[in-house]
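> coords below, sequence missing:
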């Protein structure tokens, strides 16, 4: 998060009276909180931008309390992306270049010690650019929502 994003999140939490919300700057693969600290982890379209998605899911599992939940919205693919797509800066900016195959995404979540409660497509989500729409058709790129809980 940028300083501006942090300031806005803190300002909105204070404005709306959220006293149990904590906003910290950190990396998604190494959150600045203790093991078993969080009841809920929410991620909206960020994990596809991380190089090591398995590390992200392990970190989510680490910081969740037993029985804690995570709600994730992200971009996945049905088929392996080509090197040309993975290296295309415009497709990275469109959240496609770093997308993981859906079956590998599910496995990484489960391997981290999280149980998937629900995984569904978001058919109302549409990409804007021609290249992004083309990748959607060719590689089955899609938006998904995942609800998972920490085992234990």
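Cool, the structure landed. As the structure is a prediction and not an experimental result, all values here were calculated from the model. Numbers count the residues shown, from 1 in each chain.
> Pull out the buried residues from the top strand by length along the chain.
Ordering each strand of the chain by length in residues (DSSP state E) puts strand 64-77 first. Of the residues in strand 64-77, 64, 68, 69, 70, 72, 73, 74, 75, 76, 77 count as buried by neighbour count, 16 or more other Cβ atoms under 10 Å. Glycine gets a C-beta too; all of them are placed from N, C-alpha and C.
> Same question for stretch 92-104.
For stretch 92-104, a neighbour-count test (16+ other Cβ under 10 Å) marks 92, 94, 95, 96, 97, 98, 99, 100, 101, 102 as buried.
> One more: stretch 40-55?
Buried-residue list, stretch 40-55, by 16+ other Cβ under 10 Å: 41, 43, 47, 48, 49, 50, 53, 54, 55.
> contacting residues for the second one?
In this case it means residue 43. Residue 43 is in contact with 28, 60, 70, 71, 72, 73, 74, counting by Cβ atoms under 8 Å, 6 or more residues apart in numbering.
> again with the fifth one
Contacts of residue 49 were listed using Cβ under 8 Å, 6+ apart, and they are 92, 95, 98.
> try 7 Å this time
Going by Cβ atoms under 7 Å, 6 or more residues apart in numbering, residue 49 touches 95, 98.
> Can you read off the pLDDT for it?
In this model, residue 49 is scored at 91, pLDDT.
> Roughly how far does it sit from residue 14?
Using Cβ to Cβ, to the nearest Å, residue 49 is found at 28 Å from residue 14.
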